[in-house]
Structure formats: C-alpha cells, structure tokens
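Chemist: Okay, predicted coordinates and the sequence, questions at the end:
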Amino acid sequence: MTESVQKPRARRGRIFPNLQISQEELARRTAEEEAFSERCEIIFQKLLPELIDQYYGWYIAIEPDSGDYFIDKDKETASLKARQKYPNVIHHMFGINETGVSGTI
C-alpha cells in the first residue's frame, strides 16, 4: 500500500508586503475621493432637471474643476470626449436618470 505524502501548504500573505498603505494615507485618499464625488454630484444635481427629459438613459461625464460636462448615449464615448478635452484630469460618470447610477448589477 502506498502512503500519500502531504505537501506543505503555501503560506498566504501579501504579494508585496513592502507596498502597504498606512491607515492615515488610506483615510486621506478616501476623504479626497468623497470630496471629489461630492463636487461632481452638486454639478450633476444642478444639470439633471434640464437634461433628464431629452437625454434620459444617456451618460454624462463631469469634470468638476471647470464644470464642463460631456453627454453621449455610450458611456465610453462620453468618457472619451472628456479625456480628449482634459487628458490628465479625472472625471466622474453619471447616468442621466432619477438615481444617477451609470451601470447595472
């Protein structure tokens, strides 16, 4: 009869343990992301009543520093328009509907 040899289990851990983010840095990044989203949300809520009837179901990419926005039926095209005008700036994508959600689960 042959006995099976048990292989030692591989230790699980971080792939790059030297690239860990401190809790303070993580909290700072989260606060910046929330502030960015808040600025975009304010612009979106201001534009929504004007756009919802004509562009329902379309997508809007908002660049909050300038207040510019880009509308298109396709999410990727709206994002591309925003990146063409502001190549090194992050923009926020919304769906033009009651909730502002731009995707489905």
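Modeler: Cool, got the structure.
Chemist: List the buried residues in the longest helix seen in the chain.
Modeler: Taking DSSP state H as the assignment, the helix of the chain that covers the most residues is helix 23-51. Using 16 or more other Cβ atoms under 10 Å as the test for burial, helix 23-51 gives C40, I43, F44, L47, L48. Backbone N, C-alpha and C define where each C-beta goes, glycine included.
Chemist: can you redo those residues as a markdown table with pLDDT and distance to S66?
Modeler: Written out in a markdown table, the entries for those read as follows (pLDDT from 0 to 100; distance: Cβ to Cβ, whole Å):
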| residue | pLDDT | distance to S66 |
| --- | --- | --- |
| C40 | 93 | 12 |
| I43 | 94 | 10 |
| F44 | 92 | 15 |
| L47 | 93 | 14 |
| L48 | 92 | 19 |
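Chemist: ok, E3 to D68 distance?
Modeler: Taken as Cβ to Cβ, to the nearest Å, the spacing of E3 relative to D68 amounts to 71 Å.
Chemist: Comparing the two, which shows the higher neighbour count?
Modeler: D68 (16 against 5; other Cβ atoms under 10 Å).
Chemist: Tell me which stretches of this protein form helices.
Modeler: Applying DSSP H to the chain gives helices spanning 23-51, 75-85.
Chemist: okay, which residue is most central for this structure?
Modeler: With the centre of the chain defined as its mean C-alpha position, the nearest residue by Cα atoms, centre = their mean is H92, 6.6 Å away.
Chemist: is that one in a bridge, and if so with what?
Modeler: Listed beta-bridge partners, H92: I62 (assigned using DSSP bridges).
Chemist: Would you mind confirming that it makes contact with E38?
Modeler: No. Using Cβ atoms under 8 Å, H92 and E38 do not qualify as a contacting pair, with a distance of 10.1 Å.
Chemist: If anything else comes up later, I'll come back, but that's it for now.
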